[in-house]
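**Student:** Output the structure for:
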Amino acid sequence: MLESYTPDDTTLDAVARVSNQRLRGWRLIQEAAGSGSAVITSSDKLEEITRGDDAIRAVDMESYAFYHACLNTPVLPPDFACIKAVADHCNGEKDNTLHAACSLVSASIIKEIVTRRHCFEIKPK
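**Tutor:** Residues are numbered from 1 along each chain as shown. From the prediction side, this is the model:
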């Protein structure tokens, strides 16, 4: 769906600025991610998780509550998707250095999907 995605220059400049020039570009990889309520801080734990499903290429804690809320709402369940950029590698050296830049990357991809790629179907009442 997003194989041909290329961020615009404004987004590239903003990401470079908030990352102190550490991220001057990125590549988009669409892969499965695992999600759970625990923070993963060791490569041993990460290996244990991915050993259970070798399709998992990332592990994320923050989206777990989002998934849970969408799946367990008492009203009409929404369509949902979670798009996140990887900000660290679960190796015990976690910090917040790239989180703002990764949030901009994720937002740019969501904007691309919502404004250019997805055909929304409006259902009559």
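**Student:** Let me know the pLDDT of Ile109.
**Tutor:** Ile109 carries a pLDDT value of 88.
**Student:** outside of the helix or strand where it lies, which residues touch it?
**Tutor:** Assigned by DSSP states H and E, Ile109 belongs to helix 99-112. With contact meaning CB atoms under 8 Å, 6 or more residues apart in numbering, helix 99-112 is reached by 2, 5, 7-8, 11, 14-15, 18-19, 22-23, 26, 28, 83-87. Heads up, the C-betas are built off the backbone N, CA and C, glycines and all.
**Student:** My read is that Ser37 contacts Met61, right?
**Tutor:** Yes. Because the distance of 6.7 Å satisfies CB atoms under 8 Å, Ser37 is recorded as touching Met61.
**Student:** low-confidence ranges in the protein?
**Tutor:** Counting by pLDDT under 70, the chain shows low-confidence ranges at 1, 41, 88-95, 120, 122-125.
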